[in-house]
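In: Quick one, what's the 3D model for this:
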Amino acid sequence: MKFQRYARPVRTVSYKALMLATFILVSGLLSLVVLTHQVFRNFKSLETNVKDKLWRLQQQQESFNNQNEKKHLIRKRTPSTAFVSVQCYLCLGTTYIRWGRRDCPIKDGTQLVYEGYAGGSHYSHVGGGSDFLCLHSDPTYTPGHYTTGLSGSSYVYGVEYRDSSSFYGLFDLSLIEEGVLQYQGVPCAVCFVRSPSKLMIPSRETCPDGWTIEYTGYIMTGGHSDTKHSSSHICVDDTPQAIHGSKGNQNGAYLYVSKISCSNNMPCEPYVSVREIRCVVCSYL
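Out: Residues are numbered from 1 along each chain as shown. Take a look at the predicted model:
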């Protein structure tokens, strides 16, 4: 009896199936690459946005810090007129008028803005302004925008000292030619001081604690008997100057030293009747 040898059938893979499997594999790999690339791009974009926002926040913080420092930076004066840095908001300084002088006090932090001439209303006019002006020594006029002739209804005149020699002992007249104050023109100066505030105190010659003296003087205004209108009270320096070449009675605006009348509700203590009124201009430290 012959036995036939068993032959296992050989399986063959079709060409189409192999190509399909290869296509699927390659497509999957390509999809994975594209997805990976997209994720990478999104990550880079996110990283860029985060860096940009962080940079903007840093810039805003630096800007805020700079503004905050500027808001709090001023210069503070001590009674010795030395300056130290302190913090405040836009406390750059203030101005005041030094009546009777062409210059400003010689001290750190005080400087001349301009010098000029005191002006006011005529002593005999019933109207006009009641205040005194510090007119610039170098005026300007807009071409074609002014009139000529005596056609105005309001005028400003030069101011002159009117008190006689009996008052000369109140002042230091070392800066006045020949030591004669009466009838001379009154100069003025606008001063800038690196201080957040200034104050004129009548009836005092010293400043409160924490304030610095700019100058001392006497309260002066128009006379009560020969004027027909009121004028303001100003603090005129007790070491006055005069406008050069202004000698002689010009009959313009007048300045007299003011005195206390301790009646009509003005207490005679501590005030003394008919005594001249001192004044002081102070700036805050």
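
In: what about the strands in the stretch 1-150 of the chain?
Out: Along the stretch 1-150 of the chain, counting by DSSP state E, counting those that start in this stretch, strands occupy 74-77, 83-86, 94-99, 110-120, 133-136.

In: Any idea which of these gets closest to residue 183?
Out: Nearest to residue 183 among the strands of the stretch 1-150 of the chain is strand 110-120 (14.0 Å), distances taken as C-beta to C-beta. Glycine gets a C-beta too; all of them are placed from N, C-alpha and C.

In: Buried residues, the closest one. List them.
Out: 110, 115, 116, 117, 118, 119, 120 (16 or more other C-beta atoms under 10 Å).

In: again, but for stretch 194-210
Out: Per 16+ other C-beta under 10 Å, stretch 194-210 contains these buried residues: 194, 195, 196, 198, 200, 201, 207.

In: repeat for stretch 223-241
Out: Buried, per 16+ other C-beta under 10 Å, within stretch 223-241: 227, 229, 231, 233, 234, 235, 236, 237, 238, 240, 241.

In: likewise stretch 213-223?
Out: Result for stretch 213-223 [16+ other C-beta under 10 Å]: buried residues 213, 214, 215, 216, 217, 218, 219, 220, 221, 222.

In: Please tell me how far the last one sits from residue 208.
Out: Taken as C-beta to C-beta, to the nearest Å, the spacing of residue 222 relative to residue 208 amounts to 29 Å.

In: circling back: strands - which of the buried residues of stretch 223-241 land there?
Out: 234, 235, 236, 237 (DSSP state E).

In: just to revisit the earlier point, with pLDDT as added columns, please give the buried residues of strand 110-120 in JSON lines.
Out: Below are the buried residues of strand 110-120 laid out as JSON lines (pLDDT from 0 to 100):
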{"residue": "110", "pLDDT": "93"}
{"residue": "115", "pLDDT": "98"}
{"residue": "116", "pLDDT": "98"}
{"residue": "117", "pLDDT": "98"}
{"residue": "118", "pLDDT": "97"}
{"residue": "119", "pLDDT": "96"}
{"residue": "120", "pLDDT": "94"}
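
In: Please identify the helix or strand for residue 190.
Out: Here residue 190, judged by DSSP states H and E, is contained in strand 187-193.

In: Verify the contact between residue 199 and residue 282 for me.
Out: Yes. Counting by C-beta atoms under 8 Å, residue 282 is a contact partner of residue 199 at 4.9 Å.

In: Now the common contact residues for those two.
Out: Contact criterion C-beta atoms under 8 Å, 6 or more residues apart in numbering; residues shared by residue 199 and residue 282: 207, 211.

In: Now for residue 183: which residues touch it?
Out: 160, 161, 162, 246, 247, 248, 249, 250.

In: One more: residue 93?
Out: 109, 192, 193, 194, 195, 196.

In: Swap in 10 Å and give it another go.
Out: 74-75, 109-111, 192-198, 283 (C-beta atoms under 10 Å, 6 or more residues apart in numbering).

In: now do residue 128
Out: 120, 121, 122, 153, 154, 155, 156, 157, 228, 229, 231, 253.

In: So which one of these is the model least confident about?
Out: Checking pLDDT across these, the minimum falls on residue 228 at 69.

In: quick one: residue 260 and residue 237, what's the gap?
Out: On the measure of C-beta to C-beta, residue 260 and residue 237 end up 20 Å apart.

In: For the buried residues of stretch 213-223, could you give me CSV that also reports secondary structure?
Out: Formatted as CSV, the buried residues of stretch 213-223 follow (DSSP: H, G, I helix; E, B strand; the rest coil):
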residue, secondary structure
213, strand
214, strand
215, strand
216, strand
217, strand
218, strand
219, strand
220, strand
221, strand
222, coil
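
In: Which one of those residues is nearest to residue 268?
Out: residue 219 (18.2 Å).

In: So what's the predicted local confidence for that closest one?
Out: 98.

In: and what of residue 6?
Out: 48.

In: burial count for the residue lying closest to residue 210 once chain neighbours are set aside?
Out: Spatial nearest neighbour of residue 210, chain neighbours left out: residue 285 (5.2 Å); criterion: C-beta to C-beta, 6 or more residues apart in numbering. For residue 285, the count of nearby residues is 18 (other C-beta atoms under 10 Å).

In: Next: residue 125.
Out: 14.

In: isn't it right up against residue 154?
Out: Yes. Between residue 125 and residue 154 a contact is recorded at 8.9 Å, counting by C-beta atoms under 10 Å.

In: Report the set of residues contacting both of those two.
Out: If you check residue 125 and residue 154 against C-beta under 10 Å, 6+ apart, no residue is contacted by both.
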